[in-house]
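>>> Give me a 3D structure for the following:
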Amino acid sequence: QTIMYIIWRLLSGEYQGNGGRGSSTVISGFRASLYQSLFQIVFIPYQAYLMSDAIIRTIIRVLFTKRNMLEWVTAADMEASLKNNLGSYWRRMWFSPLAGIAVFILAYMFSPEASLISVILLVLWGTAPYTAFIISMNQEKESVELDDRDIIELRRIARKTWRYFEDMVTAEDNYLPPDNYQEDPPNGVAHRTSPTNIGLMLASTLSAWDFGYVGMIEMLKKLDDSISVIEKLDKWQGHLYNWYDTSTLEVLRPAYVSTVDSGNFVGYLITLEEGLKSLLGKTLIDKQMILGIRDTALLFNEENAETGMKIDIEPLNKLAKAESLNIREFKSLMDNLQSILTGNDISHYKVKKCIWGKKLLAMLSSFRKDLAELFPLLELSDEEIAKLGLDDSVVDVNSFANLSLMELCQRYDKALELLSEHGK
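Numbers count the residues shown, from 1 in each chain. Down below sits the predicted model:
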């Protein structure tokens with residue numbers, strides 16, 4: 001079976017040269033398959049012992065004792081209770097050397113012609129605990145600093161990943177994430193979802209704002225739409241069932257609650273809660289928004305490599321590297337991008353036909369909405385702001401980019417108080 005798998009991988013062209021870093025500890029391709037095959041042979045007795053132990057325990061508990069049927073030790077708890085030394089591996093895997101000795105003795109007694117094979121198995125199985133110890137040793141890794149190219153590539157993957165939730169979490173699916181979209185064979189959207197999918201979607205929505213792929217107001221609306229639907233779902237004692245039809249919100253049969261999925265969902269909710277708390281203290285306009293626009297612009301350029309349409313990335317890189325972010329410069333940059341993308345009917349038509357062109361326009365619209373809602377003074381000229389008669393410390397628009405949501409609320413409260421005093 002292993003040999004057939006390797007041959008199939010070779011014929012299908014899935015073994016490609018590894019262009020990664022030379023210091024990488026990741027084993028991949030043909031060499032990885034060979035190692036996996038060898039380790040499968042080495043650890044067969046131990047795996048057989050584990051499976052047999054689990055089967056026998058289950059049969060005894062279910063049919064006879066009726067006790068400890070919910071006994072469950074997590075992998076993390078098991079690892080914490082064991083020492084990572086050679087002695088612990090010998091105590092755990094005693095069955096492997098015993099199996100090797102048994103095979104050697106049986107081969108010597110009943111099939112001498114198989115002695116060579118039995119000796120090989122004796123060596124492999126007899127040293128299995130030592131092999132497990134060696135491959136489980138902690139490897140000291142050098143700290144690798146990601147260069148700009150690495151970061152751009154990782155952000156490119158992040159932007160394309162967010163596109164799934166951006167496109168799939170819609171009113172048609174009640175603002176819940178479909179389980180998958182199958183391209184080959186072309187089955188399309190799977191209109192079902194689970195607590196794990198829902199939790200991942202909520203965390204991804206918050207992450208999209210962190211990465212600068214969506215404005216704060218849009219992010220909060222997306223969360224509100226999804227959570228409002230989650231509150232309406234049928235539940236068992238407050239727990240989400242494991243599968244729902246995203247079109248009808250009906251529980252898919254058989255109805256059951258998964259401790260794993262429920263645990264994932266709770267973990268994502270905790271992450272979301274802490275992230276939203278930190279939102280209050282984060283600057284509302286930061287360089288991540290510039291980088292988010294740049295990531296999408298790079299994908300737009302990649303998509304239109306043959307058409308000649310291209311967005312100059314340098315102004316975005318320059319603004320992202322600036323020591324401080326000027327909110328008027330940010331607004332001007334978005335205005336320029338909007339003009340480039342929709343400057344005339346022909347360019348507007350071409351951009352709207354592009355996937356990433358539409359994404360870029362949607363992002364600009366989302367960020368402009370944030371500016372309009374959170375910083376209405378940007379719509380006023382310096383002369384109009386001066387007529388308000390407020391201190392510069394209150395209406396200094398350029399300083400707004402460094403304000404958090406809490407600080408902005410305090411600034412506006414102070415402005416309203418001063419305007420009331422002036423009778424305006």
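
>>> pretty sure residue 283 is touching residue 403, no?
Yes - counting by CB atoms under 8 Å, residue 403 is a contact partner of residue 283 at 6.6 Å. From N, CA and C alone the C-beta is placed, and that goes for glycine too.

>>> Doesn't residue 67 belong to a helix?
No - residue state for residue 67 (DSSP: H, G, I helix; E, B strand; the rest coil) corresponds to coil; a helix is not indicated.

>>> and it, how many neighbours?
9 (other CB atoms under 10 Å).

>>> Repeat that for the one 3 residues further on.
Summarising burial for residue 70: neighbours were counted as other CB under 10 Å, giving 6.

>>> Tell me both backbone torsions, phi and psi, for it.
With angles defined as degrees, to the nearest 10, residue 70 sits at phi -110, psi 20.

>>> which residues touch it?
With contacts defined as CB atoms under 8 Å, 6 or more residues apart in numbering, residue 70 has no neighbours.

>>> got a pLDDT number for it?
With respect to pLDDT, residue 70 scores 75.

>>> Report the contact partners of the closest residue to residue 219 other than its chain neighbours.
Of all residues not flanking residue 219 in the chain, residue 209 sits nearest, at 4.2 Å (CB to CB, 6 or more residues apart in numbering). Going by CB under 8 Å, 6+ apart, residue 209 touches 215, 216, 219, 279.

>>> Can you give me the distance of the closest residue in space to the second one that isn't next to it in sequence to residue 400?
Take residue 216 and drop its neighbours on the chain: the residue closest to it by CB to CB, 6+ apart is residue 370, 5.5 Å away. According to CB to CB, to the nearest Å, residue 370 stands 11 Å off from residue 400.

>>> Next: residue 105.
82 Å.

>>> swap in residue 213?
Per CB to CB, residue 213 is found 22 Å from residue 400.

>>> Quick check on those two: which one has the bigger neighbour count.
residue 213 (30 against 22).

>>> which phi and psi does the closest residue to residue 173 other than its chain neighbours have?
Nearest non-adjacent residue to residue 173, counting by CB to CB, 6+ apart: residue 246, 3.9 Å away. Backbone torsions for residue 246, taken as degrees, to the nearest 10, come to phi -70, psi -20.

>>> Check what pLDDT the most far-flung residue of the chain relative to its centre gets.
Distance to the chain centre peaks in the chain at residue 109, reaching 56.8 Å (criterion: CA atoms, centre = their mean). Model confidence at residue 109, given as pLDDT, is 92.

>>> Check which helix or strand it maps to.
Per DSSP states H and E, residue 109 falls inside helix 95-110.

>>> For that helix, which outside residues touch it?
Here helix 95-110 has contacts from 43, 45-46, 48-49, 114-115, 117-119, 121-126, 128-129, using CB under 8 Å, 6+ apart.

>>> Please point out which parts of it sit buried.
Using 16 or more other CB atoms under 10 Å as the test for burial, helix 95-110 gives 95, 96, 97, 99, 100, 103, 104, 107.

>>> Equivalent analysis for stretch 45-54, please.
45, 46, 49.

>>> As TSV, these with secondary structure would be great.
Formatted as TSV, those follow (three-state DSSP):
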residue	secondary structure
45	helix
46	helix
49	helix
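
>>> just the CA coordinates of stretch 411-420, formatted as CSV?
The C-alpha trace of stretch 411-420 is given here as CSV (Å, rounded to 0.1, in the frame of the first residue of the first chain):
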residue,chain,number,x,y,z
ARG,A,411,-12.4,64.2,22.6
TYR,A,412,-15.9,64.5,21.2
ASP,A,413,-17.4,64.8,24.7
LYS,A,414,-15.1,67.7,25.4
ALA,A,415,-16.0,69.3,22.1
LEU,A,416,-19.7,69.0,22.8
GLU,A,417,-19.2,70.5,26.3
LEU,A,418,-17.3,73.5,24.9
LEU,A,419,-19.9,74.0,22.1
SER,A,420,-22.7,74.0,24.7
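
>>> Helix or strand for residue 48, just tell me which one.
Element membership of residue 48, judged by DSSP H and E, is helix 44-60.

>>> Mind listing residues that contact that helix?
93, 95, 96, 98, 99, 100, 125, 128, 132.

>>> Please identify which pair of those residues lies farthest apart.
98 and 132 (15.3 Å; CB to CB).
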